[in-house]
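Undergrad: Here's a sequence, model it:
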Amino acid sequence: MAELEANAALRGALRQAIEGGLPTYAECGGLMFLARSISWQGRSARMVGAIPGDAVMHARPVGRGYVQLQETAAMPWPGGGPGVVRGHEFHHSSLENLDPGVAFAYRVQRGHGVDGQHDGVLVHKLLASYAHLRTDAGSCWAPRFVDFVRGERDRRRAAAAHAALALPA
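TA: Sure, this is the predicted structure:
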């Protein structure tokens, strides 16, 4: 925790990239690192701050076992549908003081997620969840994320080309 906090250059670079619209995906510990802070045993350390919430460690698991998640309309990755996303979770932390305006990619059908009802915090182009998603015959989350990244890259290239054409010679 202290070592992560001490690496201010990395924390700042990550926050700047995420706030700049870099497509980003994080699971569990990544969600915690991207939060404002982590608290454990009476100590607190600053983290990246891209997620407007604080990770608080607990002695007992908060979420443990298999999860079933239903995508919400806020899910930014293309190619989705009303299907169920499966995975597992095992976390001793909770995400507290979360900005109430934060959107979620998933509604929890089984498991705990962030708050017992939702998982998949969406901020800028970041999706961060406690769920560790499965990659099996029924899950296509990884190719969908790659398509999302490529789509964002293509949108940026098109915007840059359009801006270059608009400049006077």
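Undergrad: alpha carbons only for contacts and neighbour counts from here, please
TA: OK.
Undergrad: Just read off the phi/psi values of M32.
TA: As for M32, its main-chain torsions (degrees, to the nearest 10) stand at phi -60, psi -40.
Undergrad: how deep is it tucked in, by neighbour count?
TA: The tally of other residues near M32 (other C-alpha atoms under 10 Å) stands at 27.
Undergrad: Nearest spatial neighbour of it, chain-adjacent residues omitted?
TA: What sits nearest to M32 in space, not counting adjacent residues and going by C-alpha to C-alpha, 6 or more residues apart in numbering, is A55, at 5.6 Å.
Undergrad: any idea how far that neighbour is from P143?
TA: A55 sits 29 Å away from P143, going by C-alpha to C-alpha, to the nearest Å.
Undergrad: average model confidence for the helix or strand in which V146 is found?
TA: Using DSSP states H and E, V146 falls within helix 141-166. Taken as a whole, helix 141-166 has an average pLDDT of 90.
Undergrad: And the helix or strand where the residue nearest to M32 lies, what does it pack against?
TA: Assigned by DSSP H and E, A55 belongs to strand 51-57. Here strand 51-57 touches helix 29-34, strand 35-40, strand 93-96, going by 3 or more C-alpha pairs under 8 Å, 6 or more residues apart in numbering; DSSP states H and E.
Undergrad: and those as CSV, adding mean pLDDT and distance to A13?
TA: Formatted as CSV, the helices and strands packed on strand 51-57 follow (pLDDT from 0 to 100; distance: least, C-alpha to C-alpha, whole Å):
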stretch, mean pLDDT, distance to A13
helix 29-34, 97, 12
strand 35-40, 98, 14
strand 93-96, 96, 22
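Undergrad: quick one: which of these is nearest M75?
TA: For these, proximity to M75 was assessed by C-alpha to C-alpha; helix 29-34 is nearest, at 16.7 Å.
Undergrad: on that earlier part again, got the contact list for the residue nearest to M32?
TA: Neighbouring residues of A55 by C-alpha atoms under 8 Å, 6 or more residues apart in numbering: 32, 35-39, 93-96.
Undergrad: Dump the helices and strands packed on strand 51-57 to JSON lines, plus distance to Q16.
TA: Listed next are the helices and strands packed on strand 51-57 as JSON lines, based on distance: least, C-alpha to C-alpha, whole Å:
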{"stretch": "helix 29-34", "distance to Q16": "12"}
{"stretch": "strand 35-40", "distance to Q16": "14"}
{"stretch": "strand 93-96", "distance to Q16": "21"}
